[in-house]
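>>> What follows is a predicted structure for the sequence shown.
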Amino acid sequence: MTADHMPVTADEVDGRPVRRTARIVLADRGGAILLFCYDDDDSDIPGGRWWGTPGGGVDPGEPVVEAAVRELFEETGLRVSAADLGAPVAWDQGPARFGGQAQWYVNCYYFHRVGALELDDSGWEDLERSTIAEYRWWSVPELERTTQRVHPPGLAGLAARLLAGDLPPEPLNLSRHG
């Protein structure tokens, strides 16, 4: 997989439309990872609540890394370049219901460190405003210990590896589904 390509190119998988997303594992200077808490009673997550990285949909024809740049700014106010994000570090895929839509998600993850960040949510869209209940910075030990649902699967191990400077030569597949 390259920065401009996703591992799934079909428009539909298992009867669900494919939604491609660009997501960012964003770390602060202390090694904590920013996560949003999503609360969506219409999701297929038991209890409708989970934590996930900043990011969102890739527009048609948009390079994945440019979507990551755009989404990071919209969701946090942080301006970065595609070069700042570099190559994808991981990806995952699978079925999910979010915002009332059952889709097959293909998520591409980038890693970026920031010195400090005062989150600016002025770029949030209506869906984000209605589903993001809170946000916070998580340490790797907190991610390892939590009993709350965190997406992507394996984020604690991935974050530990990235924070240690061990960037994978190829994006890691974090999928629970082939």
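Happy to help now that I have it. Everything numeric here is computed off the predicted structure, so don't read it as measured data.
>>> Can you tell me which helices and strands the lengthiest helix in the chain packs against?
For the chain, the helix that runs over the most residues, judged by DSSP state H, is helix 64-76. Helix 64-76 sits against strand 16-27, strand 55-57, helix 82-85, strand 101-113, with contacts defined as 3 or more Cβ pairs under 8 Å, 6 or more residues apart in numbering; DSSP states H and E. From N, CA and C alone the C-beta is placed, and that goes for glycine too.
>>> Phi and psi next, for Ala159.
The phi and psi values for Ala159, taken as degrees, to the nearest 10, are phi -60, psi -40.
>>> ok, back up a step: tell me the buried residues in the longest helix of the chain?
Residues of helix 64-76 classed as buried: 64-72, 74-76 (neighbour count, 16 or more other Cβ atoms under 10 Å).
>>> Kindly tell me how buried Ala83 is, as a neighbour count.
8 (other Cβ atoms under 10 Å).
>>> got it, and Leu35?
Leu35 has 24 neighbouring residues, counting by other Cβ under 10 Å.
>>> close enough to count as contact, it and Gly52?
Yes - using Cβ atoms under 8 Å as the test, Leu35 is close enough to Gly52 to be in contact (6.3 Å).
>>> Now list whatever residues contact both of these two.
By Cβ atoms under 8 Å, 6 or more residues apart in numbering, Leu35 and Gly52 have these common neighbours: Val150.
>>> which residues touch the closest residue to His151 other than its chain neighbours?
The shortest distance from His151 to any non-neighbouring residue, by Cβ to Cβ, 6 or more residues apart in numbering, is to Gly52 (4.4 Å). Shown in contact with Gly52 (Cβ under 8 Å, 6+ apart): 23, 35-36, 38, 150-152.
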